[in-house]
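Visitor: I'd like to go over a predicted model; first the sequence, then the structure.
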Amino acid sequence: MQQHAHVIAQRLLNLYRQAHVINGGWAAVNKVLIAESDNPQVIEALEKLPTGKRLATHIANLRSGKTPMDTIRPELLPYGGMLTSQNSNVTLTESEMTELKSALAAFEATPEGMKKIKDLACVRKFGNDWPDKVKAALSAEDPKELPAWENVVRTARAYQLWDSAKQLVSENLTDRDRARIQADMPEFETYLPMFGDEGEELLAKLRTFMSSMPQ
């Protein structure tokens, strides 16, 4: 049970750190934090992780009503709120925005489609931060394009998880790998079915590996 609590705690911490790029923001994230932290052992495990005490305090504030369910107290923001403030100043030039809109209109959820998006100058300039940086720019300059961009980000995440899952099932799994599968299982269950029968087969293998974890 202790190992299971640790896995949940790590997943909640990852969610907390990525809240700035999650559709729905804190209103969506906080619901998950509350739902999955009802076991005291999860909070105990969370407090042992780096920055976990900050998240544990946030969860306690949500449960007590001190913090509304659609926000977080500024002093408890992950990374001290640096990511939020940095993203608020992201902009695209007029030519970059025109190029991006054209690419979004023609986007296909395939490896080739993803390559075309990642090859855009306005995407490449942000390096590994491209998903949330472009989202921040669109939020400020043309919010109606956000659904199309979120489809791109979901597609990118789907292929990332596909590659990760393929690698995991082709190797001799360690206990750390099994814990990683358990932590990422909600996303595997969301995205792998997008790949049809192959995705379902891969998901079944991951579930088998996860079920073999010692309890």
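Guide: Right, received. Where do you want to start?
Visitor: C-alpha only now, for contacts and for neighbours.
Guide: Noted.
Visitor: In the protein, where is pLDDT below threshold?
Guide: 1-3, 20-21, 23, 79-89, 212-215 (pLDDT under 70).
Visitor: can you point me to the longest helix in it?
Guide: Longest helix of the chain, by residue count under DSSP state H: helix 146-169.
Visitor: Now do that helix: everything it contacts.
Guide: Helix 146-169 is contacted from outside by 23, 104-105, 107, 109, 111, 114, 131, 135, 138-139, 177, 187-188, 191-192, 194, 199, 202, 205-206, using CA atoms under 8 Å, 6 or more residues apart in numbering.
Visitor: Whichever of the residues you listed end up buried, select them in PyMOL.
Guide: Buried members of the contacts of helix 146-169 can be picked out in PyMOL with the line below, counting by 16 or more other CA atoms under 10 Å:
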select buried, resi 104+107+114+131+135+138+139+177+188+191+192+199+202+205+206
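Visitor: Helices - which of the contacts of helix 146-169 land there?
Guide: 104-105, 111, 114, 131, 135, 138-139, 177, 187-188, 191, 199, 202, 205-206.
Visitor: Let me know the closest of those to Val32.
Guide: Distance to Val32 across the ones in helices among the contacts of helix 146-169 (CA to CA) is lowest for Glu187, with 13.6 Å.
Visitor: contacting residues for the closest one?
Guide: Leu161.
Visitor: what about 10 Å?
Guide: Glu187 sits next to Arg157, Ala158, Leu161, Ile181 when contact means CA atoms under 10 Å, 6 or more residues apart in numbering.
Visitor: Only C-alpha atoms, please: export the helix or strand harbouring the last one in CSV.
Guide: Under DSSP states H and E, the secondary-structure element containing Ile181 is helix 175-191. The C-alpha trace of helix 175-191 is given here as CSV (Å, rounded to 0.1, in the frame of the first residue of the first chain):
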residue,chain,number,x,y,z
ASP,A,175,10.4,-1.9,-10.3
ARG,A,176,11.0,1.7,-11.2
ASP,A,177,9.6,1.0,-14.7
ARG,A,178,6.5,-0.7,-13.2
ALA,A,179,5.9,2.3,-10.9
ARG,A,180,6.3,4.6,-13.9
ILE,A,181,3.7,2.6,-15.8
GLN,A,182,1.3,2.8,-12.9
ALA,A,183,1.8,6.6,-12.6
ASP,A,184,1.2,7.1,-16.3
MET,A,185,-1.6,4.6,-16.7
PRO,A,186,-4.4,7.1,-16.9
GLU,A,187,-2.7,8.8,-19.9
PHE,A,188,-1.9,5.4,-21.5
GLU,A,189,-5.6,4.5,-21.2
THR,A,190,-6.6,7.8,-22.7
TYR,A,191,-4.2,7.9,-25.7
